[in-house]
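Chemist: Take this sequence and fold it.
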Amino acid sequence: MLGRLRALLSASVINPANYQAKMSTSSVQPQVATFASGCFWGVEHIFLKHFPPAEDKGILKTAVGYTGGKESSASPDYRTVCSGTTDHAEAVRIEFDPTKVTYDELVEFFYRTHDPTTVNRQGADTGTQYRSAIFYHSPEQETIAKRVTEEVQQKHFDPAGKKIVTEILPALQWWDAEDYHQLYLFKNPTGYQCPTHRLHW
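Modeler: This next block holds a predicted model:
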């Protein structure tokens, strides 16, 4: 954590508008997907790297923040979440165009880019804030998330004798993380990135 805080001091200036897009059609409303899979710097980075808004691949914009914790832990900050007392997860909130990328595809990509078999851990990052979780925004998303989870389990983890431990929970209150966390690895290209945030298949 201390290493990450030091890295913030050397952040470069970027234009967030370069990482946003508009809906391609006014007849369809954008949808939201919320995922937690370790340090949110790397989670946001890998989604935007493979679905860059400028290339119209479906992701319209992202935000990193905190969710899924105690109701009493409202408006949390980074230090408090890292203490583990809030039970909030570091997460990424993705606004997307369902005519360009489906929720199924995003859920599969979520599994493809981290280790969903470790409880409260990604790489060397440990704590409840680093847990693997899908926060669904509708009954349809819940159904899709559970189906894709079963498919990924059978195809990629059963052969290895491993079990997905990802939580699938309703999306509750969301709090954006502090501005310096947003698009962190685009501001700090050499900054910390959890080694599990890569394409696993």
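
Chemist: neighbours around residue 77, how many?
Modeler: Residues within reach of residue 77, counting by other C-beta atoms under 10 Å, total 12. Heads up, the C-betas are built off the backbone N, CA and C, glycines and all.

Chemist: got a list of what the nearest residue to residue 16 once chain neighbours are set aside touches?
Modeler: The shortest distance from residue 16 to any non-neighbouring residue, by C-beta to C-beta, 6 or more residues apart in numbering, is to residue 183 (6.3 Å). Contact analysis of residue 183 by C-beta atoms under 8 Å, 6 or more residues apart in numbering lists 14, 16, 19, 44, 48.

Chemist: Could you list the low-confidence segments of this protein?
Modeler: Counting by pLDDT under 70, the chain shows low-confidence ranges at 1-12, 24-26.

Chemist: swap the cut-off to 90 and go again
Modeler: Where the chain drops to pLDDT under 90, the residues are 1-28.

Chemist: picking up where we left off before, show the buried residues in the contacts of residue 183.
Modeler: Among these, those classed as buried by 16 or more other C-beta atoms under 10 Å are 19, 44, 48.

Chemist: wait, is the second one part of a helix?
Modeler: Yes. With the criterion set as DSSP: H, G, I helix; E, B strand; the rest coil, the secondary structure at residue 44 is a helix.

Chemist: is it true that it touches residue 64?
Modeler: Yes. Contact criterion C-beta atoms under 8 Å: residue 44 and residue 64 qualify, at 5.1 Å.

Chemist: Next, the buried residues of the lengthiest helix in the chain.
Modeler: The longest helix of the chain (DSSP state H) is helix 139-152. Using 16+ other C-beta under 10 Å as the burial criterion, the residues of helix 139-152 that qualify are 141, 144, 145, 148, 149, 152.

Chemist: With respect to residue 120, which of these is nearest?
Modeler: Nearest to residue 120 among the buried residues of helix 139-152 is residue 149, at 18.0 Å by C-beta to C-beta.

Chemist: which residue is nearest the middle of the chain?
Modeler: Centroid-nearest residue in the chain, with C-alpha atoms, centre = their mean: residue 92, separated by 3.5 Å.

Chemist: The residue lying closest to residue 122 once chain neighbours are set aside - how many residues pack around it?
Modeler: In space, and not counting its chain neighbours, residue 122 is closest to residue 38: 3.0 Å by C-beta to C-beta, 6+ apart. Residues within reach of residue 38, counting by other C-beta under 10 Å, total 26.

Chemist: was I right about residue 38 contacting residue 90?
Modeler: Yes. Proximity of residue 38 to residue 90 meets the contact threshold set by C-beta under 8 Å, at 7.3 Å.
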